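Engineer: What shape does this take:
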Amino acid sequence: MSCHNGNLTLRECEVLKLIAAGKTSREIAEELFISKNTVDTHRNKMLQKLNLSNSASLVTYACKSGLL
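Structural biologist: Below you'll find the predicted structure:
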């Protein structure tokens, strides 16, 4: 299952929304019951898929795409 235009998985979208809410990787991991390393992997995959360079650009993408 994917969200928005199909670039991101549902889980990646969940992580992205929590990044945008200002949560740390550790806080996201605890909330989603996954490891911090898994959160970081999701973040890195999103950056790679969307050809972005940092978390701030991910949040900008989320705002422009209507994910937030």
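Engineer: Look up how far residue 46 lies from the residue nearest in space to the middle of the chain.
Structural biologist: Central residue of the chain (C-alpha atoms, centre = their mean): residue 16, 2.5 Å from the mean position. Per C-beta to C-beta, to the nearest Å, residue 16 is found 6 Å from residue 46. Quick note: C-beta positions are derived from backbone N, CA and C, even for glycine.
Engineer: again, but for residue 38
Structural biologist: Residue 38 sits 13 Å away from residue 46, taking C-beta to C-beta as the criterion.
Engineer: Also residue 12?
Structural biologist: As judged by C-beta to C-beta, residue 12 and residue 46 stand 5 Å apart.
Engineer: Of the two, give the one with the bigger neighbour count.
Structural biologist: residue 46 (23 against 20; other C-beta atoms under 10 Å).
Engineer: got the contact list for the more buried one?
Structural biologist: 8, 12, 15-16, 52, 58 (C-beta atoms under 8 Å, 6 or more residues apart in numbering).
Engineer: Report the distance from the helix or strand in which it is found to the chain centre.
Structural biologist: Residue 46 belongs to helix 36-50 when elements are defined using DSSP states H and E. The chain centre lies 7 Å from the centre of helix 36-50; the measure is C-alpha atoms, centre = their mean, to the nearest Å.
Engineer: Tabulate the CA atom coordinates of that helix in CSV.
Structural biologist: Backbone C-alpha positions of helix 36-50 (Å, rounded to 0.1, in the frame of the first residue of the first chain) are rendered in CSV as follows:
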residue,chain,number,x,y,z
LYS,A,36,15.6,3.6,15.8
ASN,A,37,17.6,2.1,13.0
THR,A,38,14.4,1.2,11.2
VAL,A,39,13.3,4.8,11.5
ASP,A,40,16.6,6.0,10.1
THR,A,41,16.3,3.4,7.2
HIS,A,42,12.8,4.7,6.3
ARG,A,43,14.1,8.3,6.4
ASN,A,44,17.1,7.4,4.2
LYS,A,45,14.9,5.5,1.7
MET,A,46,12.5,8.5,1.5
LEU,A,47,15.4,10.9,0.8
GLN,A,48,16.7,8.6,-1.9
LYS,A,49,13.3,7.9,-3.5
LEU,A,50,12.5,11.6,-3.6
